[in-house]
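*Asks:* structure, please.
(chains A, B, C and D)
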Number of protein chains: 2
Amino acid sequence: MTKSSTTVRQRIVAGAADMISRRGLNATSIRETAKHARAPLGSTYHYFPEGKQQLVTEAVRYTGAWTAGSLRKELQAGPVAGLRAFLALWRKIVVDSDFRAGCPVLAVSVEEPPTDEPPASLLAAADVFTEWENLLAGSLREHGAEPRQAAQLATLIVAAVEGTVAMCRAKRSTQPLDDTAEQLQALVLAAIEG
Amino acid sequence: MTKSSTTVRQRIVAGAADMISRRGLNATSIRETAKHARAPLGSTYHYFPEGKQQLVTEAVRYTGAWTAGSLRKELQAGPVAGLRAFLALWRKIVVDSDFRAGCPVLAVSVEEPPTDEPPASLLAAADVFTEWENLLAGSLREHGAEPRQAAQLATLIVAAVEGTVAMCRAKRSTQPLDDTAEQLQALVLAAIEG
DNA sequence: GCTATGCTATGACGATCGTCATAGCCGGTG
DNA sequence: CACCGGCTATGACGATCGTCATAGCATAGC
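*Replies:* Numbering: from 1, shown residues only, chains lettered A, B, ... in the order given. Next comes the predicted model:
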């Protein structure tokens, strides 16, 4: 495995995550992800032998890990700073894309395959959500929040942000994000002071 | 227009909303919506001459109106009762479908078409979200909440519920919904008492 | 220089998609 | 009874999908 091949692989994964965040899972084709990464179609099945399912799963995990890393770093300055960074991160994605992009993890979560068992990509999405919640809940506990309150508030934050990003896209406005930002910030402040 | 034809039309719209809430927008084909409603494929383009776009838009509005009607009724018993009914409504959909169904309005909001201008279905989704927010905000104001606080909290509620439903699907658990329910209920109580 | 290995290039397969055209049925009107 | 308009039935169209097979290239080790 040469160094450039690793780059091509990462470009495909990152591009797939971006395309899924814009058009959704089913409207993102293997052909277009390859074209977007300037890679031949055949290479896709060289790097991802298990096909689209594998690529989607890696795209979800890639987004999850990248966001978790940013969140972990910003949480070092406290829960409020972490929340603000988390909100700013998604706000930038929505604004920079002119309300065309959202969260690929959410997109994967709302499109179910016809199979009975949940696919690997959906399990990855659940793991990503849980990881984000755990980071937030841990920081809240470290700053004095009750464990139960910390866990519930962390879930509310992740859910609200995901939902708000989708609402911003539909409304073509950042107003929902600004509204929930203010509400969530007050909540976090109350939780770590009570 | 006979009476039975209206019923067929409504069956197609309601079925499309259900399928979109499960598989997403792009994985819901006109053929399968027709089959699901036991209607011939040709009839679909008789009832919806503008094609899939029209059917999807009507499915979004159908879900929005149905939910708004339920919400309006339950809000007569106050904001807390309305919130609980709103949460119970989505909880029932998630549980009854064995974590396979979610909100079709959210599904439409996260799948963008390749066109420049937002399609009618996305505008309908934005209207639905706004309608739900207005209902909640109005009830909050009537019970003593500050107008600004009422509007922000209403946005948070809608966004959190939409996000939480998606998280419940991914995690195959109602835990997120129960967590946010408790948090939101406390918030509403504080808003109408402060 | 030769060969093995990793990646590219190309094209095909069956399936399904949205859309549309056209012909037939069927009940109510005159 | 004839007729006509709403609805059904059927089949086709071009396009695109995921997937795969195979042949070509290029580079690194011997």
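*Asks:* show the pLDDT at A:Ala39.
*Replies:* Listed pLDDT for A:Ala39 reads 87.
*Asks:* quick check: phi and psi on it?
*Replies:* phi -120, psi 150 (degrees, to the nearest 10).
*Asks:* isn't it right up against A:Ile12?
*Replies:* Yes: with contact defined as Cβ atoms under 8 Å, A:Ala39 counts as touching A:Ile12 (5.9 Å). Using the backbone N, CA and C atoms, a C-beta is placed for each residue, glycine as well.
*Asks:* those two - which one has more neighbours?
*Replies:* Higher neighbour count among A:Ala39 and A:Ile12: A:Ile12, with 24 against 18, using other Cβ atoms under 10 Å in any protein chain shown.
*Asks:* give me every residue that touches the more buried one.
*Replies:* Contacts for A:Ile12 were tallied using Cβ atoms under 8 Å, 6 or more residues apart in numbering or on different chains; they are A:33-34, A:37, A:39, A:43-44, A:47-48, A:55.
*Asks:* of those residues, which are in range of DNA strand C?
*Replies:* Among the contacts of A:Ile12, the residues lying close to DNA strand C (Cβ under 7 Å from any atom of the strand) are A:39, A:43.
*Asks:* could you list the low-pLDDT ranges of chain A?
*Replies:* Chain A contains residues with pLDDT under 70 at A:1-6, A:114, A:194.
*Asks:* let's see 90
*Replies:* A:1-9, A:36-43, A:112-118, A:193-194 (pLDDT under 90).
*Asks:* what ranges does it have for its helices?
*Replies:* For chain A, the helices defined by DSSP state H cover A:3-23, A:30-36, A:41-47, A:52-75, A:79-96, A:104-109, A:120-142, A:147-171, A:175-193.
*Asks:* got the buried residues for the longest one?
*Replies:* Residues A:149-171 are the ones in helix A:147-171 that count as buried (16 or more other Cβ atoms under 10 Å in any protein chain shown).
*Asks:* same check on the second one?
*Replies:* By 16+ other Cβ under 10 Å, the buried positions in helix A:30-36 come out as A:30, A:33-34, A:36.
*Asks:* can you list the buried residues in stretch A:184-194?
*Replies:* A:184, A:187-188, A:191-192.
*Asks:* could these go into JSON lines alongside distance to A:Ala65?
*Replies:* Formatted as JSON lines, these follow (distance: Cβ to Cβ, whole Å):
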{"residue": "A:Leu184", "distance to A:Ala65": "23"}
{"residue": "A:Leu187", "distance to A:Ala65": "27"}
{"residue": "A:Val188", "distance to A:Ala65": "24"}
{"residue": "A:Ala191", "distance to A:Ala65": "27"}
{"residue": "A:Ile192", "distance to A:Ala65": "27"}
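*Asks:* ok, which of those also contact chain B?
*Replies:* A:184, A:187 (Cβ under 8 Å from any Cβ of the partner chain).
*Asks:* which residue packs closest to A:Glu162, ignoring adjacent ones?
*Replies:* In this structure, A:Glu162 finds its nearest non-sequential neighbour in B:Gly163, 3.8 Å apart by Cβ to Cβ, 6 or more residues apart in numbering or on different chains.
*Asks:* an error on my part: the question was meant for A:Ile20.
*Replies:* Per Cβ to Cβ, 6+ apart, closest to A:Ile20 is A:Pro104, 4.1 Å.
*Asks:* list the contacts of that neighbour.
*Replies:* A:17-18, A:20-21, A:59-60, A:63.
*Asks:* out of these, which is nearest to chain B?
*Replies:* Of all those, chain B sits closest to A:Ser21, with 8.3 Å by Cβ to the nearest Cβ.
*Asks:* give me the nearest residue to that closest one, chain neighbours excluded.
*Replies:* A:Pro104 (4.1 Å).
*Asks:* could you do A:Pro40 as well?
*Replies:* Per Cβ to Cβ, 6+ apart, closest to A:Pro40 is A:Ala34, 6.5 Å.
*Asks:* the one you found and A:Ser43 touch, don't they?
*Replies:* Yes: with contact defined as Cβ under 8 Å, A:Ala34 and A:Ser43 form a contacting pair (6.8 Å).
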